[in-house]
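> kindly generate the corresponding structure for this input.
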Amino acid sequence: MKLLRFTAAGSITLTGLVLLVPNAAQLFASPPLVGFVLAALASIISLGLVAVGPLVYRADIDDVNTARVAGWNLLGLAVLGFVFTLVFTYQPVDNTPFIFAAVLSAGAVAHVIIGVYDVRRIRAEELATEREKLAVLNTLVRHNLRHDAQLLLAAASVVDTDSIPGEHVRTVADDLAEMNENVKTIEQSLEEHPHEIDVAAVCREAVVDARDEYADREFVLDAPDSLTATANDHFRAAVDELVENAVEHGAGTVTVHATDAGGSVEVSVSDDGDGIPAKERELVLGERPITQLEHGSGLGLWLVRWTVEGVGGSLAFDDAGSRAVVTLPA
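Below is the predicted model of the structure:
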């Protein structure tokens, strides 16, 4: 699929380069002032097309929609090229290559803009559909989880056999209740608008609570007194999940680090354990497809990813999986 993305973005850049030749040539042909201004404007537009290609390639859109933008560009070239070929055939004019290139440059840019807005419209519709699915999922899952958790908690008081110990039942019930809360947090996070928060304060509160809850573990906070970033009120839940994950699946000291990365803010949670398995990391980061057999062990890391991506941030892990890094817009 990378080839499709490269080809699509490259076609836009190639369009700009081809059209730049006659436009730039007109600049050096000593035209009158009006002709010089038109040639300069057409050259700038052509250079804009050259630059748009790499921007589209790096844009946060999938390969198919990248090809859609390139398709709009080619459509504009084809339609305008056909029309002006007919016009120039019927009524020849002086300096045809320049006029042809100048008009095609403007038309190509216009159609690229149309393509971008078309992709944004499609993504908005897809997002609306996903929100609807999430609302339905939330209603069903939260109801079922709450119901099952209540049943298990009730059963735990009367069930205590060698095959099903009561403590095991309580653990399962607690896990179900936590999953229910995670679903609720994810839904609320998607609905909330980003705003400035004090990330240092959030990390400090998370570490204080973790020390109370996990008295047998050591926690280190490395953060300034105040550090502002763009997030939402559910970022605390994301930090809690990373800390809890480090406690339950790691070893040694858990370190929470927050720093200004110049234009962004980085929050990392690390431990001395073996780290999150590569398969789990790849699933959460979208590097491995989710199947019936491979779907991750819970919602915790998904909550972290969706929370930070919802405010324009990102989630990453080191190669060992023992350090999770969240990047937020400053």
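> quick check: what element follows the lowest-mean-pLDDT helix or strand in the chain along the chain?
Lowest on mean pLDDT, DSSP states H and E among the helices and strands of the chain sits helix 166-191, with a mean of 64. Under the assignment DSSP states H and E, the closest C-terminal helix or strand after helix 166-191 is strand 195-198.
> how about that next one: buried residues?
197, 198 (16 or more other C-beta atoms under 10 Å). (Glycine included, C-beta is placed from N, CA and C.)
> can you show me the CA trace of it as CSV?
Extracted in CSV, the C-alpha atoms of strand 195-198 (Å, rounded to 0.1, in the frame of the first residue of the first chain):
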residue,chain,number,x,y,z
HIS,A,195,-8.1,22.1,26.1
GLU,A,196,-5.1,23.1,28.1
ILE,A,197,-4.3,21.1,31.2
ASP,A,198,-1.4,21.0,33.7
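> so which residues make contact with that strand?
226, 227, 228, 229, 230, 231, 232, 233, 235 (C-beta atoms under 8 Å, 6 or more residues apart in numbering).
> break the protein into its domains for me.
2-127, 134-189, 193-329 (automatic domain parsing).
> which one of those has the lowest average pLDDT?
For the domains of the chain, the bottom mean pLDDT is recorded on domain 134-189, which sits at a mean of 61.
> which parts of the stretch 51-200 of the chain are helices?
All helices of the stretch 51-200 of the chain, identified by DSSP state H, counting those that start in this stretch, fall at 63-90, 96-156, 166-191, 199-213.
> swap in the stretch 201-330 of the chain?
235-249, 278-284, 300-309.
> and those: which comes nearest residue 100?
helix 300-309 (44.4 Å; C-beta to C-beta).
> which secondary structure elements does the closest one contact?
Applying 3 or more C-beta pairs under 8 Å, 6 or more residues apart in numbering; DSSP states H and E, one finds that helix 300-309 contacts helix 166-191, helix 235-249, helix 278-284, strand 314-317, strand 323-329.
> returning to that earlier point: residue 329: which of the contacts of strand 195-198 is nearest?
residue 230 (4.3 Å).
> what sits against that closest one?
194, 195, 196, 197, 311, 312, 313, 328, 329, 330.
> rerun at 6 Å
194, 311, 329 (C-beta atoms under 6 Å, 6 or more residues apart in numbering).
> quick one: which of these is nearest residue 249?
Distance to residue 249 across the contacts of residue 230 (C-beta to C-beta) is lowest for residue 311, with 25.7 Å.
> what about the closest one, distance to residue 194?
4 Å (C-beta to C-beta, to the nearest Å).
> what about these two, which has more around it?
residue 311 (20 against 16; other C-beta atoms under 10 Å).
> wait, that one sits on residue 193?
No: assessed by C-beta atoms under 6 Å, residue 311 is found out of contact with residue 193, at 8.9 Å.
> residue contacts, the closest residue to residue 211 other than its chain neighbours?
Leaving out its chain neighbours, the residue that sits closest to residue 211 by C-beta to C-beta, 6 or more residues apart in numbering is residue 219, at 5.4 Å. Listed by C-beta under 6 Å, 6+ apart, the contact partners of residue 219 are 207, 210, 211, 254.
> specify the beta-bridge partners of residue 219.
Residue 219 has the following beta-bridge partners by DSSP bridges: residue 254.
> that one and residue 40, how far apart?
62 Å.
> burial check on residue 73, number of neighbours?
Count around residue 73 with other C-beta under 10 Å applied: 29.
> and for residue 48?
Count around residue 48 with other C-beta under 10 Å applied: 15.
> tell me the SS of it?
helix (DSSP: H, G, I helix; E, B strand; the rest coil).
> quick check: nearest residue in space to it, chain neighbours excluded?
residue 109 (6.2 Å).
> look up how far residue 70 lies from the closest residue in space to residue 72 that isn't next to it in sequence.
Nearest residue to residue 72, sequence neighbours excluded (C-beta to C-beta, 6+ apart): residue 115, at 3.1 Å. Distance of residue 115 to residue 70, given as C-beta to C-beta: 8 Å.
> who are the contact partners of the residue nearest to residue 43 when sequence neighbours are not counted?
The spatial neighbour of residue 43 that comes closest, neighbours along the chain excluded (C-beta to C-beta, 6+ apart), is residue 23 at 4.4 Å. Residues near residue 23 by C-beta under 6 Å, 6+ apart: 39, 42, 43, 46, 101.
> the last one is in contact with residue 20, isn't it?
Which is residue 101. No: Residue 101 is beyond contact range of residue 20, at 8.2 Å (criterion: C-beta under 6 Å).
> who's more crowded, the two?
A direct count of neighbours by other C-beta under 10 Å for residue 101 and residue 20 places residue 101 higher, at 24 against 20.
> now that one. Nearest residue, chain neighbours left out?
residue 22 (4.0 Å).
> now residue 232: phi and psi?
phi -150, psi 180 (degrees, to the nearest 10).
> separation between it and residue 286?
21 Å.
> among these two, which residue is more densely surrounded?
Higher neighbour count among residue 232 and residue 286: residue 232, with 21 against 9, using other C-beta under 10 Å.
> quick check: the more buried one vs residue 13, distance?
37 Å.
> and residue 318, by the same measure?
35 Å.
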